[in-house]
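Enquirer: sequence first, predicted model second:
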Amino acid sequence: MDKYFEYPHTVGFEETNIVGNVYYVNYLRWQGRCREMFLKERAPAVLADLQDDLKLFTLKVDCEFYAEITAFDELSIRMRLVDLAQTQVEFSFDYVRLEPGGGETLVARGRQRVACMRGPNTATVPTRVPESLAQALEPYAPARV
């Protein structure tokens, strides 16, 4: 079974609309938050590198919905590594509602592709994925057949 990095989240009222459903944009925010928590917990050297001149640009993001979620639903956002290229990384995200009785329901699935860049804002250029990030991602690599 694939390993994943897990970010637990409880849905709040501010993340829902007047009908009580979660706003689409929050699924994308949770992808970013999951990625941030991964860096904090598994790749802190990358955070220091981001303070220097490393930039992680999100190139593409998507999300498919399978079930509604509402305020106070308990979620597990599970990030997996899809692809690790020289200058880019692609992640997948499963949004799983944790049911009160112990079950789980897949409510959405998303993807995100990120490019590593360096340099001042006016002259950024692609750069290799930092070794510390590549090493931190190793345990989450897709299973090889």
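Expert: Good, I have the coordinates. Residues are numbered from 1 along each chain as shown.

Enquirer: quick one: contacts for the residue nearest to residue 13 when sequence neighbours are not counted?
Expert: Using CB to CB, 6 or more residues apart in numbering and skipping residues adjacent in sequence, the residue nearest residue 13 is residue 71, 4.9 Å away. Backbone N, C-alpha and C define where each C-beta goes, glycine included. With contacts defined as CB atoms under 8 Å, 6 or more residues apart in numbering, the neighbours of residue 71 are 11, 12, 13, 15, 16, 20.

Enquirer: hmm, 10 Å instead?
Expert: The neighbours of residue 71, taking CB atoms under 10 Å, 6 or more residues apart in numbering as the test, are 10, 11, 12, 13, 14, 15, 16, 20, 21, 22.

Enquirer: pLDDT score assigned to it?
Expert: Looking at residue 71, its pLDDT reads 94.

Enquirer: what of residue 17?
Expert: Predicted confidence (pLDDT) for residue 17: 87.

Enquirer: over to residue 120?
Expert: The predicted structure scores residue 120 at 83 on the pLDDT scale.

Enquirer: ok, it - contacts?
Expert: 53, 55.

Enquirer: and for the one 5 residues further on?
Expert: Going by CB under 10 Å, 6+ apart, residue 125 touches 87, 117, 118, 119.

Enquirer: surely the third one is in contact with residue 129?
Expert: Think residue 118. No - Residue 118 is not in contact with residue 129 according to CB atoms under 10 Å; the separation is 11.5 Å.

Enquirer: now the common contact residues for the two.
Expert: Common contacts of residue 118 and residue 129 (CB under 10 Å, 6+ apart): residue 54.

Enquirer: ok, these two, which is more surrounded?
Expert: Neighbours were counted for residue 118 and for residue 129 using other CB atoms under 10 Å; residue 129 has more, 20 against 16.

Enquirer: buried residues of whichever strand or helix holds residue 59, list them for me.
Expert: Secondary structure assigned from DSSP states H and E places residue 59 in strand 54-65. Burial within strand 54-65, assessed by neighbour count using 16 or more other CB atoms under 10 Å, is assigned to 54, 55, 56, 61, 63.
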